[in-house]
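Visitor: Quick check, what structure comes out for this input:
(2 chains)
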Amino acid sequence: MPLFFLFFFFWLSLTCRMPLHLVLCQRRISSCSFLSSFKFVFFDSYPPFGSSHFCLCSSRNQSTKTHSVRSSPRPALGPTLKQSPMSYYASLLQSCVVRKAIEPGKQLHARIWQMGISFNPLLATKLVNLYCICNSLTNARLLFDRISKRNQFLWNVMIRGYAWNGPYEIAISLYYQMRDYGLVPDKFTFPFVLKACSALSAMEEGKKIHKDVIRTGLESDVFVGAALIDMYAKCGCVESARQVFDKIDERDVVCWNSMLATYSQNGQPDESLALCRVMALNGLKPTEGTFVISIAASADNGLLPQGKELHGYSWRHGFESNDKVKTALVDMYAKSGSVNVARILFELLEEKRVVSWNAMITGYAMHGHANEALDLFKEMKAKVLPDHITFVGVLAACSHGGLLNEGKMHFRSMISDFNICPTVQHYTCMIDLLGHCGCLEEAYKLIMEMRVEPDAGVWGALLHSCKIHGNVEMGELALEKLIELEPDDGGNYVILSNMYAQAGKWDGVARLRDLMMDKGLKKSIACSWIQVGNKVHAFLSEDASHPKSEAIYAELKRMGKLMKEAGYAPQVGSVFHDVEDDEKVDMVSCHSERLAIAFGLISTSAGTKLLIIKNLRICEDCHVAIKFISKITEREITIRDVNRYHHFKDGVCSCGDFW
DNA sequence: GTAGGGTTAG
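Guide: Have a look, this model is predicted:
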C-alpha cells in the first residue's frame, strides 16, 4: 500500500512538474498519516486569512532535532487584514531561515505552491536562501532553475550555497553563468566565489577572479580583501596575500587575522607572530581569532616563553575562559614540551569539544605517552564522537609507543565502528607502526591495499622503517617511489645512502652521491634552536658562527671525553660520506642538536632543563649520545624533532628507543 | 527586502 502511494506521488510530481518532496508535503497537509516518518507537521488548523493563529516556536524537539510549528492561543504573529500574503509568508520563511528550520520551510513551500505564488521573486528567493542555509542544495537548485528573472541577490545566495557546501566547482561555474546572465558581481559575490577557490586551492581560477575584483574596484573592500588573502593563503601564495593585505584601506581585525593565518598556515610562524606584534602596536583590539591563530603559530615554532607571553596577553584581554583559546593553549603547551600544563588547561575547559580532545590526545602521542593517550580516548568515546583527526592521534600514539596490536585494533575499529574511511594520514601511522615493529612485508601489503593514493609520507615511513631494520631491497623500492613523488628532496637519497653505508655497500653510496650531484640535490640543512633567557639561538651542523663558538666546541670536547669514559661508542651510520672513521666521529659530534645542547650547558645553571627544537629527525648517534649527556650532567634534556618528542633523563629516553 | 570575510587537532 505505501509503495503504491509513493508511485502515485511520483507520477503526480511528474504530471504537475512539482518536486516530489512538495507533493509529499501536500499530501501530509491533507492529513495522510502513513508518511509519519517524514516528521512533517500538520497544517490542518492553518487558515491563511482566518481568525485563528499560529507561530513558529523556537523550541527544538530533542529526539528528532527538527523544528516544529505549533498552534498558539495568542494572536501575536498571525496575518492581519492589512498584511499581504507575500509579506506574511516572507516573514514566516524568514523565521525558518533564522532557525535553520528546513521542515517547516518545506511545508510553507508546499502551501505557497498550492496558492500559486511560489515564483514570486521575494518568496522564491527566501526559499532558495532557506534551502541553501540548510544545505539542501538539490531543492534550492530545483527552484533556482525555475525562476526566470534572477536578481543579484538570488545568484549570490546560490553561489554561497555551493561555496559553503560544495561541489565548489559549481559555485565557480555559477559565477561565470551570472556574468553571462548580464549581472556584475558585487562585494558579496566575490567573498563567496573566492571561498570556493580556497576550498579547491584553485589559484589560477582565483587569480582570474582577482582581476575581476580589480576591474570592479572592490580590491580595497575589507570583506573582498580578506577573502582574497584567504584564497592566496590556501593556494600557498603568501606574497600575493601580503600584496592584497597592503592594499586594503582601513583594515579591520579580520583582515589582520587573515594575514596572520596566511603566514601560520604556510610554515612561517615567526612572521605571523611578528605581524601580531605590529597589529598590537597599531592599537587593534585582538579577537578570539587573533589568539587562536597566534597561539597556533607559537605552537608551531615550539618556543614556550613566546607561547606563555601570548597566554598572558589573552588573559589581559579577557579571554581566560574562552574555550577555543584555551584549546589552542592546550595544543601549544603540549607542542612546546609542557604536556602536564596542557592537561591542567584541558581539565579546566568548560566544554570539551572534539577539537579539545584531539589536541590533548595528539599532545600525548607526540610525547610518546601512548597509555595516557589511549586512556583519554576511552574517556572521550563515552562523551564525544571521535572524528578522523582523533584517530590520527590514537594511531600516532600506538605508533610512537610501539603498540602493534592496539594500533591494528583501533584502525579496524575506526573503519567498522565509526564508519571513518582511512585517509593517507591514518595509513602513514599504520605503515610507521608496522614498519617500526619489523612487519615490513605487512606494511608493504597495506600500501598496496590502500584505498587512497600513497603519498611521500607513506613511502617515507616505509623507507625509514627499512633503515631501522636494514632492509636495503625494500628501501630501494621505497626510494624509487619517493623520487617519483619528491624528485627534488635530497633527504630521501641520504636515508638510502646511509643504509648502503651501514651494509658496507660503498658502491651504492657512491652511485647515490653521483646521482644527487647530477641532479644538483642537497640534503635539507639541519637546524636546531634553543632559547636561553629571552633570546633564541640557532645552530646548523658543524656551525662555528656563534659568538661563543669556541666555548661550545670546548664543552663538546670535554663532554666527549666523559662520555667515552662512561662507555659511549659513536655510531656513525648516519654519516653520508664514505670517509675515514675518525672524521665520521667528528662529523656526528657536531650535529646541530649537540651544539645547541653544549651551548645550553655552558649558558645555564646546573640542573636547568634544556629544550631543543630540531627541523629534522634526530640521528641515531645523537640519540645515544644525549642519553649519556643527560646522565653525566644530571640534566633533563628535551628534543622536539620533526616527528615527536624525546625526553632524556638519567640516561634514558622517553621514547624507549622506539622512534 | 533579504546576505558576506578569518582561526582550532596529525
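Visitor: List the contacts of A:Met450.
Guide: When contacts are counted by CB atoms under 8 Å, 6 or more residues apart in numbering, A:Met450 touches A:Pro422, A:Val424, A:Tyr427, A:Val458. C-beta here means a position set from N, CA and C on the backbone, and glycine is covered the same way.
Visitor: Does the last one touch A:Ile447 like I think?
Guide: Pointing back at A:Val458 there. Yes. The criterion here is CB atoms under 8 Å, and A:Val458 meets it with A:Ile447 at 6.1 Å.
Visitor: For those two, list the residues in contact with both.
Guide: A:Tyr427, A:Ile431.
Visitor: Between those two, point out the one with more neighbours.
Guide: Ranked by neighbour count (other CB atoms under 10 Å), A:Val458 and A:Ile447 place A:Val458 first, with 27 against 18.
Visitor: ok, now which ones touch that one?
Guide: A:Val424, A:Tyr427, A:Thr428, A:Ile431, A:Ile447, A:Met450.
Visitor: ok, now how distant is A:Thr287 from DNA strand B?
Guide: 4 Å (CB to the nearest atom of the strand, to the nearest Å).
Visitor: What degree of burial does that residue show, as a neighbour count?
Guide: Neighbour tally, A:Thr287, other CB under 10 Å: 16.
Visitor: That one: what's its closest spatial neighbour, skipping adjacent residues?
Guide: Of all residues beyond its chain neighbours, the one nearest A:Thr287 is A:Val253 (5.4 Å), with distances taken as CB to CB, 6 or more residues apart in numbering.
Visitor: returning to that earlier point: DNA strand B: which of the contacts of A:Met450 is nearest?
Guide: Taking CB to the nearest atom of the strand as the measure, DNA strand B lies nearest A:Val424 of the contacts of A:Met450, at 7.0 Å.
Visitor: in the helix ranked longest in chain A, what counts as buried?
Guide: Counting by DSSP state H, the longest helix found in chain A is helix A:549-565. Buried positions in helix A:549-565, judged by neighbour count with 16 or more other CB atoms under 10 Å: A:Ile552, A:Tyr553, A:Glu555, A:Leu556, A:Met559, A:Gly560, A:Met563.
Visitor: which residues touch A:Leu218?
Guide: A:Asp186, A:Lys187, A:Phe190, A:Val224.
Visitor: List the buried residues of the helix or strand harbouring A:Ala396.
Guide: A:Ala396 is part of helix A:388-401 when elements are defined by DSSP states H and E. Across helix A:388-401, burial judged by 16+ other CB under 10 Å covers A:389-401.
Visitor: Just put the residues you listed in JSON lines and tack on distance to A:Cys622 and pLDDT.
Guide: Compiled in JSON lines, the buried residues of helix A:388-401 are given as follows (distance: CB to CB, whole Å; pLDDT from 0 to 100):
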{"residue": "A:Ile389", "distance to A:Cys622": "31", "pLDDT": "93"}
{"residue": "A:Thr390", "distance to A:Cys622": "33", "pLDDT": "95"}
{"residue": "A:Phe391", "distance to A:Cys622": "32", "pLDDT": "96"}
{"residue": "A:Val392", "distance to A:Cys622": "27", "pLDDT": "94"}
{"residue": "A:Gly393", "distance to A:Cys622": "27", "pLDDT": "95"}
{"residue": "A:Val394", "distance to A:Cys622": "29", "pLDDT": "96"}
{"residue": "A:Leu395", "distance to A:Cys622": "27", "pLDDT": "95"}
{"residue": "A:Ala396", "distance to A:Cys622": "22", "pLDDT": "94"}
{"residue": "A:Ala397", "distance to A:Cys622": "24", "pLDDT": "94"}
{"residue": "A:Cys398", "distance to A:Cys622": "25", "pLDDT": "94"}
{"residue": "A:Ser399", "distance to A:Cys622": "21", "pLDDT": "91"}
{"residue": "A:His400", "distance to A:Cys622": "18", "pLDDT": "89"}
{"residue": "A:Gly401", "distance to A:Cys622": "22", "pLDDT": "89"}
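Visitor: Quick check: the residue of the stretch 201-350 of chain A nearest DNA strand B.
Guide: Residue nearest to DNA strand B within the stretch 201-350 of chain A (CB to the nearest atom of the strand): A:Gly289, separated by 1.9 Å.
Visitor: residues in contact with the helix or strand hosting A:Ala596?
Guide: Using DSSP H and E, A:Ala596 sits in helix A:592-603. Here helix A:592-603 makes contact (CB under 8 Å, 6+ apart) with A:526-530, A:532, A:537, A:539-541, A:543, A:546, A:548, A:551-553, A:555-556, A:559, A:608, A:610, A:612, A:614, A:618, A:622, A:625-626, A:629, A:633, A:635, A:637, A:639.
Visitor: Which positions within that helix qualify as buried?
Guide: By 16+ other CB under 10 Å, the buried positions in helix A:592-603 come out as A:Ser592, A:Glu593, A:Arg594, A:Leu595, A:Ala596, A:Ile597, A:Ala598, A:Phe599, A:Gly600, A:Leu601, A:Ser603.
Visitor: can you give me the strands for chain A?
Guide: A:54-60, A:67-71, A:527-532, A:535-540, A:610-614, A:637-640, A:645-649, A:652-653 (DSSP state E).
Visitor: Would you mind finding the most buried of these?
Guide: For the strands of chain A, the largest average neighbour count (mean count of other CB atoms under 10 Å) is found in strand A:610-614, namely a mean of 24.
Visitor: is that strand up against DNA strand B anywhere?
Guide: No. Using CB under 7 Å from any atom of the strand, strand A:610-614 never reaches DNA strand B; the gap is at least 14.2 Å.
Visitor: Now do that strand against helix A:592-603, angle only.
Guide: Inter-element angle recorded for strand A:610-614 and helix A:592-603: 160 degrees (by axes from the mean of the first three to the mean of the last three CA atoms, to 10 degrees).
Visitor: In terms of secondary structure, what does strand A:610-614 contact?
Guide: On a contact count with 3 or more CB pairs under 8 Å, 6 or more residues apart in numbering; DSSP states H and E, strand A:610-614 meets strand A:527-532, helix A:592-603, strand A:637-640.
Visitor: Enumerate the residues of the stretch 351-500 of chain A near DNA strand B.
Guide: Listed as neighbours of DNA strand B in the stretch 351-500 of chain A under the rule CB under 7 Å from any atom of the strand: A:354-355, A:358-359, A:362-363, A:365-366, A:387, A:389, A:392-393, A:396, A:423-425.
Visitor: Spell out which residues of the stretch 201-350 of chain A are next to DNA strand B.
Guide: Taking CB under 7 Å from any atom of the strand as the criterion, the neighbours of DNA strand B within the stretch 201-350 of chain A are A:221-224, A:226-227, A:230, A:233-234, A:252-255, A:257-258, A:261, A:264-265, A:287-290, A:292-293, A:296, A:299, A:324, A:327-328, A:331, A:334-335.
Visitor: mind listing what A:Lys149 touches?
Guide: Shown in contact with A:Lys149 (CB under 8 Å, 6+ apart): A:Pro121.
Visitor: Show me the domain layout of chain A.
Guide: As assigned by automatic domain parsing, chain A contains the domains A:1-149, A:424-519, A:527-653.
Visitor: Can you flag the weakest of those by average pLDDT?
Guide: Lowest mean pLDDT of the domains of chain A: domain A:1-149, a mean of 57.
Visitor: now the domains of chain A in JSON lines, with distance to A:Phe346?
Guide: Below are the domains of chain A laid out as JSON lines (distance: least, CB to CB, whole Å):
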{"stretch": "domain A:1-149", "distance to A:Phe346": "28"}
{"stretch": "domain A:424-519", "distance to A:Phe346": "22"}
{"stretch": "domain A:527-653", "distance to A:Phe346": "17"}
